[in-house]
Structures are given as C-alpha cells and as structure tokens.
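Q: got a sequence here, can you build the structure:
(chains A, B, C and D)
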There are 2 protein chains.
Amino acid sequence: MTEIDGQVPERFARAREAQSVALLEDYVEMIGDLISELGEARVADIAERMGVAQPTATKAISRLKREGLATARPYRGVFLTEEGADLADRVRARHRTVVELLVAVGVPEEVAELDAEGIEHHVCDETLAAFEAFLKSR
Amino acid sequence: MTEIDGQVPERFARAREAQSVALLEDYVEMIGDLISELGEARVADIAERMGVAQPTATKAISRLKREGLATARPYRGVFLTEEGADLADRVRARHRTVVELLVAVGVPEEVAELDAEGIEHHVCDETLAAFEAFLKSR
DNA sequence: CAAGAAATATAGCAATGGCTATAAGTCGAG
DNA sequence: CTCGACTTATAGCCATTGCTATATTTCTTG
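A: Below is the predicted model of the structure:
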C-alpha cells in the first residue's frame, strides 16, 4: 500500500461500531421515555414510536435483554435494568447537548432535532465535552 | 397511542435511511481519493483503506455499480461514473466542513477527524449551510 | 512462454434489522 | 366464565454487510 494510508481503516471501523450501538441506544432511550410518560413500556408503543413493525421491536427487545439493558415478562411490559436506565440518561443528555450545539451554530431548531437523531451516536465523550464547554462559554 | 407521539417515527426512519446511504458515500469518496492519488482504484486498496476483507469490498462495489455510481472491469480497476464523481466531491466537501466546524467549537483535530466520519452522513443540506455560515462569520 | 505469485471473483456462512402472516396469551364485557 | 378483541410472540422470508475458503484470472519472472 502507499505510505499515506495511516489509520483510515480504524476510522471506518469505529463508525461501523457506533452504528451497531446506535439502535440499542435509541430503543433504551425510548423505553425510558415511555416509562416516565406512561408508567410502562409496551411493545406496541415502542414499535409505533420507532416507526417499525411490532415483531421488529420484539426482536430488538430480545437483543436488549441479551445485552443486559432491559428485562421483559412475556405479554407484559418492558423494563430497563439499572445499566439500561443509566444508558438512557446518558443518551438523553447527549441528545440535548447535540441539539443545543447545532442551534448555537445556527441550525434551525426543527432541523437540529432531525439531524441530531443520527449525529448523536457518533459524538464521542471528548467531542461531547467540547460541545458543553463551547455552549457554556457563550 | 398517546397524543404526544408527533413525528418521532419519521425521525428514526430518516436516520436509518441516512445510514443505508453512508456506506455508498464512504466507498465513493475513497475510490475518488485512490484515483486521484494513485491513478486507479484497485479492489485490494479499497478493501485495505475501508478496513474490510477484500470480498466485502467487491460486494460493495457491486452495489455501487448497481446504483450507477461506479463501473468496473473484472480483474481491472474500479472507476466512478459522472454521478459517482459528483457524489464523491460533495461528500469530500461536506467532510471538510464538518471537521472544520468541530474544530471551530473546540474539538481537537484528531478527534474531529474520527467523529466526522460518522457524523457527516447525518448532516443535511440545511445544517451544512448553517455550518458554512457559522465558519465564515468568525 | 510457462510457472508461480498476486489480485480478483465467487460460494457460502453468520448476524442484523426489516417485513408479513399466524399462533398464542391476556383481558374485559356479557 | 367464556368469548372475542387486542396484544405479544413466533415463524419464516428478504436484503445488507461482514467473514473465510476457494476458484479464477492476470501479471511477473525465470
């Protein structure tokens, strides 16, 4: 290979990895939202909010259980483990920060909300810290 | 469903859609880079830079061909169509802008490069325009 | 120019994340 | 308490994106 390749492959591997975690984060955050809004998270509600068919949500919930982020009693609601609830909190906070930063640099509110949904999963801790510092310093 | 669901599902659908386009964008940009650096884009080089096995790159190139972004002669190099080259240019420009914006708000250069790889695919035209305006106004 | 080496293609497997159709469980109303 | 409606689970399909192993083609070199 040429001498200029550098760590390019790791960059992409990292982006792929982030993407694989993104769905889990979205589901966990959504389940947390539903529990605080409605007192429980039902599969049908989760599926509707995620914009997927109900079996797709069921499958995702299985994965959450497998990863120790949620528990569920069949035909009953879905619940977050402590680890899942912590993740939900972090995800929610990061989402807010990303939206605020986008707005701060001039992105219209509604567009910021839309783009943040995809962007947030690729914002590492260091970048998030930089965002917070930037927001505070204005 | 409750009355507060709003357009949440569309948000996620949009993020999923962006993700499906992301790989194409990465490959097209990389192929463009290789052609300008080395005069040609070989499957082995593409695979190495993307950090995937060679058959994975071959498969991705098939998809690029299917989508009209690239052409390839078996056992020879890969080439971009006009559409593919245009896309590569847009992707490259967007990548630069995202990195610059991250740096402008205080993200360290190397971290900005890493995160931009994932972020850029979720930055819509309107957000990109806001980024450019913000960068110019400083 | 005929190997052998290198590059590329193909075959086939696994996991993920969609879907529809259908089975099975739960719950409320008669 | 039973039956029908609703909810959830399961089965099975497809496409995508990875992988390894192997076949095929091209290139290089003796």
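Q: drop to CA atoms for contacts and neighbour counts, all remaining ones
A: Noted.
Q: A:Thr58 is in contact with A:Ala44, isn't it?
A: No. Between A:Thr58 and A:Ala44 there is no contact under CA atoms under 8 Å: 9.0 Å.
Q: show me what from chain A comes close to DNA strand D.
A: A:16, A:42-45, A:54-55, A:58-59, A:72-77 (CA under 7 Å from any atom of the strand).
Q: could you flag which of the residues you listed are buried?
A: A:Arg16, A:Arg42, A:Val43, A:Ala44, A:Asp45, A:Gln54, A:Thr58, A:Ala72 (16 or more other CA atoms under 10 Å in any protein chain shown).
Q: read off the pLDDT value for the first one.
A: What it means is A:Arg16. With respect to pLDDT, A:Arg16 has a value of 93.
Q: ok, the fourth one next?
A: A:Ala44 carries a pLDDT value of 97.
Q: residue ranges with poor pLDDT in chain A?
A: A:1-6 (pLDDT under 70).
Q: in strands only, show me the buried ones among the residues of chain A next to DNA strand D.
A: A:Ala72 (DSSP state E).
Q: how about the buried ones among the residues of chain A next to DNA strand D in TSV, adding distance to A:Val28?
A: Shown next, in TSV, are these (distance: CA to CA, whole Å):
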residue	distance to A:Val28
A:Arg16	19
A:Arg42	13
A:Val43	13
A:Ala44	15
A:Asp45	13
A:Gln54	16
A:Thr58	13
A:Ala72	13
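Q: for DNA strand C, state which of the buried ones among the residues of chain A next to DNA strand D is nearest.
A: The shortest approach to DNA strand C among those belongs to A:Gln54, at 6.4 Å (CA to the nearest atom of the strand).
Q: how close does that closest one get to A:Val91?
A: 23 Å (CA to CA, to the nearest Å).
Q: what of A:Ala104?
A: For A:Ala104, the distance to A:Val91 - CA to CA - is 20 Å.
Q: same question, A:Val43
A: 21 Å.
Q: write out the residues of chain A neighbouring DNA strand C.
A: A:20-21, A:23, A:51-57, A:60, A:63, A:74-76.
Q: so for A:Ala104 and A:Val91, which residue has more residues nearby?
A: Set A:Ala104 next to A:Val91 and count neighbours by other CA atoms under 10 Å in any protein chain shown: A:Val91 wins out with 19 against 16.
Q: how about the contacts made by the more buried one?
A: By CA atoms under 8 Å, 6 or more residues apart in numbering or on different chains, A:Val91 lies in contact with A:Glu25, A:Glu29.
Q: tell me which helix or strand it sits in.
A: helix A:82-104 (DSSP states H and E).
Q: what lies in contact with whichever helix or strand comes after that helix?
A: Using DSSP H and E, the helix or strand that follows helix A:82-104 towards the C-terminus is helix A:109-119. Contacts to helix A:109-119, defined as CA under 8 Å, 6+ apart, come from residues A:95, A:98-99, A:102-103, B:11-12, B:14-15, B:18, B:118-120, B:122-124, B:126-127.
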